[in-house]
Structures are given as structure tokens and as C-alpha cells.
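Colleague: requesting a structural model of the entry that follows:
(2 chains)
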Amino acid sequence: MQEFKHEIARMLTDKLPGSDIDFEGLMEIPPDPAMGDYAFPCFQLAKQLRKSPIKIAEELVGQLEPNGIVSEIKQVQAYVNFFINKEELSRKILTRALHHPLDYGAQNIGANKTVAIDFSSPNIAKPFNIGHLRSTVIGGSLKSIFEYLGYEVQGINYLGDWGTQFGKVICAYEEWRDEVDLTHEPIKQLLKLYVKFHEEAEKDPSLNEKAREWFKRLEEEDPVALELWEDFKDITIETLIQVYHRMGIEFTEYSGESRYFKKAEQVADMLDKKGLLVESEGAMIVDLSEYDMPPFLVKKSDGTTLYSSRDLAAAIDRYERFGFTQSLYVVGQEQTLHLNQVFKVLELLGYDWAERCTHVPFGLYLFSGEKMATRKGRIIYLEDVLDDAVELIREIIEEKNPNLLEKEQVAEMVGVGAVLFADLKNTRIKDVQFDYDKILSFDGETGPYLQYTHARINSLLKKAGKEIEVDQIDFGLLQENEEKEVVKAVGYFPDKIQEAAEKLEPSIIAKHLISLAAVFNTFYNAHRVITDNEEVSKARLALALAVKITLSNGLRLLGIKAPEQM
RNA sequence: GGGGCUUUAGCUCAGUAGGAUAGAGCGACAGAUUCCUAAUCUGUAGGUCACAGGUUCGAUUCCUGUAAGCCCUACCA
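Modeller: Numbers count the residues shown, from 1 in each chain, chains lettered A, B, ... in the order given. You can find the predicted model right below:
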């Protein structure tokens, strides 16, 4: 839709040359489409020209002439309202969509630029719970969005596969290995050990000491410790890959903290050489009080490194390997301080690319108002949520469309899609109250609503059975207001993708798809597509196809599949 | 104590980089299917935009303060 805005801005600039007003930037969309497609408010001009804004609007309307693109110009109070020629609008927008069935809205603005995205990044030896969903789906969507815009994207799964927690798991395994059977649901077994460790450690603090011992052995590459750790790691990754596959998520690489535990020492040395490292309470820290931040802990008092220095090493490694233009960290808002510290320390180390690192924070899932805590076993497994959703969809299919082919595949697509969409439609930064009923409701603003609209258009097109030849459509036949609203929603799609990339906010696409489906369904309900009038039918089928194309591409950017039937 | 984020209809949330009568979904109520999938659509009811100041021709939107909720605040990640 940008081109229409450009055109209107150009018309205004022609009438008011020499004005330093940003016509395009000031332009708005009127609250009611009956008022116009675009509006220009005259308040700023009023200030500059020292005339009443209403009068200016009046004068402008008198001077501006409708043309092939703008069919009507109206003054309403202090606004100049523009109506875009329906035929022109439909031809431009729909032709473009129909010519790009697989990549409508894609661009090449990211050519020769690399974006590194750190997302999902769960802890090994802990279950993949619903809390990991947000990073996974937001990151996965951002990856798709940037790729769509022509960027090279490095999707990095930075596993939490190192740290004291492994000392704890190994220690627990050594203490109570008879109580678990790692051949069956190994992750849940490991979690049981982890939870038990914390329970027992409260009674017997010496366990914490033993755990630290084990981790130290790990860092010293003790073979016994290493072998156990490798086993835990392998069985976890195996399970993880299955879940990612279900969600259509792919990573460029599986990395992890363990990869950097040696480099972390080097980073600590660098910090020391730069004179940034100071000793405090037996530990080694970087003093950030000058920047209004608490100290950045680099080495614990027992001499081992912790996540902080590994994060530094990983950041440096990413820059060295990818030369990124942006490095994104899709990590919960709870880690805001930590990441700000990391970026600041990188800057202090003299890396000017530190400013290219961005934290993409998101709100947490809350359970009855509280954060989820693995240590207390207060968790909900993502897999269970997905399974429940799929099962419910199965029932709905039996009830509403028992003759559907490939029921199982469709149930999987719709069930998983519902869970993904329920998450992605939320504004990133806000905490999300975990509400099972809401995730498993499929009416209204949901993933299934979009998929249903898509499937219905598909069967409509099949029923019509006509090849749609773009050059032979008479776009002038799309004169209904409902049709125009659909065309505009299709036209806004590319703008929304770009906005989503700029704001790092997939929910912008999710919300736009909802409004696209809504205006289409309104149209679909008010007018027949297949009519006695051959030419009108063709034009409307073209419109419907454009919506289908937009929905399927949009859903793909969210990681959601669009079944042809449901 | 300090810092960050949040606060809009009964519930869950939008609100386009200050502007025209604040919008959806769910829930409630009333309707639409001889006709392209009713997982849909149409309508009704429901709002001191947390509160108080300030900037502005104009503030739900920007600034300050207050309150509430969540998170962080060195040897977990």
C-alpha cells in the first residue's frame, strides 16, 4: 500500500512546495473506511501557515485534482480525505499477490546482511516446558521473517548444557541412580533427579558442595563426569529435535555453553589484561557501577567460570564467524539486566559491534500469577499441551467433517497451529497468563480460524474449477465496499511484514492475518463468489485466491501450516 | 531499598511513531444455513483508557509523580 501513500504525498507536495512538512509521515488511516482510504490532517500546516486547519483543508481540496489513482478527495473538518480508485487498487494489489503465490510480500532489503538469532535455547536435562514456547516460536518466526526479507539468517540454539546444574544432576544420579530408568522418558527421569536434589539439599547442604565438586570435575574434563554429561546431553537433544520438528522449527546450528567453557577462560584473561577484572568477596567481577549496573560476575570464588563469561565468548565467536549486522537474543525479559551487562562488557572490551546486539525480550507465562519454576517441579510440558490440542481437534473433525481425508495430519497441523498462534498473537513483552481453556479454544481470533478461512477458500476455488488468468480479469468489477476492504488488507500485508521485522514483533503479522480473514469472511458472507455473471465470478475468485495466498504465506511466517481442507 | 516491564469493556487483549464518534475476540442476549465448509457471519448490551499533575490547538498515546501486579537486583541460566 506504500505506493498509494507515496502518490498522495506527492500530490500534496506539488501543491505546497517548499514546505518542510513530512506529508507522508503525517498521513493516517481514517477510523471509518467510509471516510476515505487515507487522510491528511492539516493541524501542522495550520501552525506553519497561521491559518485555521479547516480552511487549509478546504483550500487543498479545491486545488487537488483526482487522477487515475485517487478517485475522490473530500474535506472533513481539518482533514483532507483521499479515496483510492477501486479498479486501480485491485489491479495493482491483486496482480502482485497472484504473481507471487509462494512469496507475496517478500523483499530483498536484507541482501548481503546477516542476522544471528539466538532462540529457544533450553536447558539440557530439564524438560522442554511451556515456558520455552515463547522464545522458540518468536525466534522461529523472526527467522522466517528476516529470511523472507532477503537476510541471511543464522538460527542458533544455544543450549544450556553447562554449569553447576550439571554438577547437581550428576551428583543426584550418583546418589540415587537406582531410582530412575533412563531408557524410558529420560527427560522426565532427569527432572525427577533434579527436583529431588533440591529437596534433599535443603535438608543436607553438603549435597551442594558435592555438586560443585562434580561440576569442577566436569570443567577439568574428568572422564567419568564427561561421559555422564554426554549421555544426559544426547538423550535430551534427541527429544528436543522431535518437538522442534512438530513445530516446523529449524536451526542453523545447535550450539551451547559447553562449547565455550574454555574460551570463557580466555575472555576472563582478556578482561584481566584490560584491567576490567577486580576481585570482590573472593570472586572476580567487572565493576559496572559507573553505568548504573550491579557488578558482572565473571568467576566464582571457587575459580570456575559461569554463564556470564561463556555468553561473552559466544557473542565474540558469533561475530567472528558471521560478521552479523544484527545479533538478536530472543530471551525472556527476566534476563534484561544480564544481557545489558553482557553488551556493556563487550563494549568495554572495545568491540564496536556490541551495539549491533539486541535483546528481544518477552513476557513470561504466569501460573496463577506466578512464575514457573523447574526446581519446584511447577511446570507444564509443551508436548502435553500440543497433544491435548491435537486430540481436541480430532474430536471436532469427527463432529464437523467426518469424511475428511488425512484426518490425522490435519489434526496435527491445526492443533499445533492453534497452540503456536495462541502464543504468537500476544504482544511480545507482555506476560501471558497461562490459560488452558484459551489455548484450546478454536473460535474467534485463533489459528484454526485462519486455517479454516484458508481451507474454505481452497474448496471454493476447487468448486469453481476455473484457471485464474491474471491478465484476463476485469478488476473494475470489484466495486463493493467489502471487496475493497479485502483488497486493502491484502495490500497491507507486505507493509506489515516490514513493520514486524523493524519492531521484532511477529504478533503484528498474526494480528493482521486475523483482520484479513475477518474482512474476507464478511465479504464472503455478504456476496456470492460463484455467480451467473462469468466475469464477476472470475474477479471474485481472483480476490479469494489472493487472500488464500496471503494467508498461507503469512501463516508460514508464523510457523503454522495451512491445510487445504479441514 | 534500587532498576525494568505492565495497567484500556465482566474476561483476554488491539489501538497505526499525539489527532476525527476508543476497537476486536471470548462470555451474555437476539438473529442468519433450500445457496461456495455455521471452526463462519449480522446485531444488542458493556469503557472515569489505574490515579494526579504537566507539555500541546489537541494526550489512551509524550514527561513527572502516586498506586497495584510481575520480573531482576554477584557466586543458577
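
Colleague: quick check: nearest residue in space to A:M413, chain neighbours excluded?
Modeller: Distances taken as C-beta to C-beta, 6 or more residues apart in numbering place A:K561 nearest to A:M413, at 4.3 Å, with adjacent residues excluded. The way it works is simple: take the backbone N, C-alpha and C, and place the C-beta from them, glycine included.

Colleague: what's around the one you found, how many residues?
Modeller: A:K561: 20 surrounding residues under other C-beta atoms under 10 Å.

Colleague: got the contact list for the residue in the stretch 101-250 of chain A positioned nearest to RNA strand B?
Modeller: Using C-beta to the nearest atom of the strand, the closest approach of the stretch 101-250 of chain A to RNA strand B is made by A:G163 at 2.1 Å. Applying C-beta atoms under 8 Å, 6 or more residues apart in numbering to A:G163 gives the contacts A:F215, A:E257, A:L306, A:Y307.

Colleague: what's the distance between it and A:P122?
Modeller: 13 Å (C-beta to C-beta, to the nearest Å).

Colleague: now stretch A:58-76: buried residues?
Modeller: Residues A:E59, A:L60, A:L64, A:I69, A:V70, A:S71, A:I73, A:Q75 are the ones in stretch A:58-76 that count as buried (16 or more other C-beta atoms under 10 Å).

Colleague: what does the second one show for phi and psi?
Modeller: According to degrees, to the nearest 10, the main-chain angles of A:L60 amount to phi -60, psi -40.

Colleague: how about A:S255?
Modeller: As for A:S255, its main-chain torsions (degrees, to the nearest 10) stand at phi -110, psi -160.

Colleague: contact residues of the stretch 301-450 of chain A facing RNA strand B?
Modeller: Proximity of the stretch 301-450 of chain A to RNA strand B is confined to A:301-302, A:306-307, A:333-338, A:363-364, A:366, A:369-371, A:393, A:396-397, A:400-401, A:410, A:414, A:426-427, A:429-433, A:435, A:438, A:441-445, A:448-449 under the rule C-beta under 7 Å from any atom of the strand.

Colleague: can you turn the buried part of those into a PyMOL selection?
Modeller: Buried residues within these, by 16+ other C-beta under 10 Å, are selected in PyMOL with:
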select buried, chain A and resi 306+307+333+338+363+364+393+397+410+414+426+432+442+445+448+449
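
Colleague: among the residues of the stretch 301-450 of chain A next to RNA strand B, which lie within helices?
Modeller: Per DSSP state H, helices hold the following members of those: A:307, A:336-338, A:393, A:396-397, A:400, A:410, A:414, A:438, A:448-449.

Colleague: who are the contact partners of A:L276?
Modeller: A:L276 is in contact with A:V286, A:V345, A:L348, A:L349, counting by C-beta under 8 Å, 6+ apart.

Colleague: run the last query once more with 6 Å
Modeller: Applying C-beta atoms under 6 Å, 6 or more residues apart in numbering, we find A:L276 in contact with A:V286, A:L348.

Colleague: what residues does A:L182 make contact with?
Modeller: Neighbouring residues of A:L182 by C-beta under 6 Å, 6+ apart: A:Q189.

Colleague: what secondary structure does it sit in?
Modeller: Recorded secondary structure, A:L182: coil (DSSP: H, G, I helix; E, B strand; the rest coil).

Colleague: can you tell me how far the residue in the stretch 401-550 of chain A that RNA strand B sits nearest to sits from A:K400?
Modeller: Scanning the stretch 401-550 of chain A for proximity to RNA strand B using C-beta to the nearest atom of the strand identifies A:G444 as nearest, at 2.4 Å. Distance of A:G444 to A:K400, computed by C-beta to C-beta: 16 Å.

Colleague: list the contacts for the residue most central in space within chain A?
Modeller: Against the mean C-alpha coordinate of chain A, by C-alpha atoms, centre = their mean, the closest residue is A:I138 at 3.0 Å. Counting by C-beta under 6 Å, 6+ apart, A:I138 touches A:V330, A:F362, A:P506.

Colleague: count of neighbours near the last one?
Modeller: Looking back up the chat, that one is A:P506. Neighbours of A:P506 (other C-beta under 10 Å): 26.

Colleague: ok, and the closest non-adjacent residue to it?
Modeller: Nearest non-adjacent residue to A:P506, counting by C-beta to C-beta, 6+ apart: A:S141, 3.8 Å away.

Colleague: cool, A:C357 as well?
Modeller: A:S327 (4.7 Å).

Colleague: burial count for the closest residue to A:S280 other than its chain neighbours?
Modeller: Excluding the flanking residues, the one nearest A:S280 by C-beta to C-beta, 6+ apart is A:P295, at 6.6 Å. Neighbour count of A:P295, defined by other C-beta under 10 Å: 16.

Colleague: A:P295 contacts A:I285, doesn't it?
Modeller: Yes: the criterion here is C-beta atoms under 6 Å, and A:P295 meets it with A:I285 at 4.1 Å.

Colleague: secondary structure element for A:I285?
Modeller: For A:I285, the element it lies in under DSSP states H and E is strand A:283-286.

Colleague: state the mean pLDDT of that strand.
Modeller: Strand A:283-286 comes out with an average pLDDT of 94.

Colleague: how about the following helix or strand past it as CSV, C-alpha atoms only?
Modeller: Sequence order places strand A:296-299 as the next helix or strand after strand A:283-286, per DSSP H and E. Written as CSV, here are the backbone C-alpha positions of strand A:296-299 (Å, rounded to 0.1, in the frame of the first residue of the first chain):
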residue,chain,number,x,y,z
PHE,A,296,29.1,-8.5,36.4
LEU,A,297,30.3,-11.8,37.9
VAL,A,298,32.9,-13.5,35.8
LYS,A,299,34.4,-16.1,38.1
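
Colleague: residues in contact with strand A:296-299?
Modeller: Contacts to strand A:296-299, defined as C-beta under 6 Å, 6+ apart, come from residues A:A268, A:A283, A:M284, A:I285, A:V286, A:L288, A:T305, A:S308, A:S309, A:Q341, A:V345.

Colleague: number of nearby residues for the closest residue to RNA strand B within the stretch 201-350 of chain A?
Modeller: Nearest to RNA strand B, among the residues of the stretch 201-350 of chain A, is A:K300, at 2.6 Å (C-beta to the nearest atom of the strand). Neighbour count for A:K300, taken as other C-beta under 10 Å: 15.

Colleague: quick check: phi and psi at A:E58.
Modeller: Phi and psi for A:E58, reported as degrees, to the nearest 10, are phi -60, psi -50.

Colleague: distance of it from A:V76?
Modeller: Here A:E58 is placed at a distance of 11 Å from A:V76 (C-beta to C-beta).

Colleague: what do you get for A:G282?
Modeller: 71 Å.

Colleague: cool, A:Q2 as well?
Modeller: Using C-beta to C-beta, A:Q2 is found at 24 Å from A:V76.

Colleague: swap in A:L504?
Modeller: Using C-beta to C-beta, A:L504 is found at 36 Å from A:V76.

Colleague: repeat for A:E199
Modeller: Applying C-beta to C-beta to A:E199 and A:V76 gives a distance of 68 Å.
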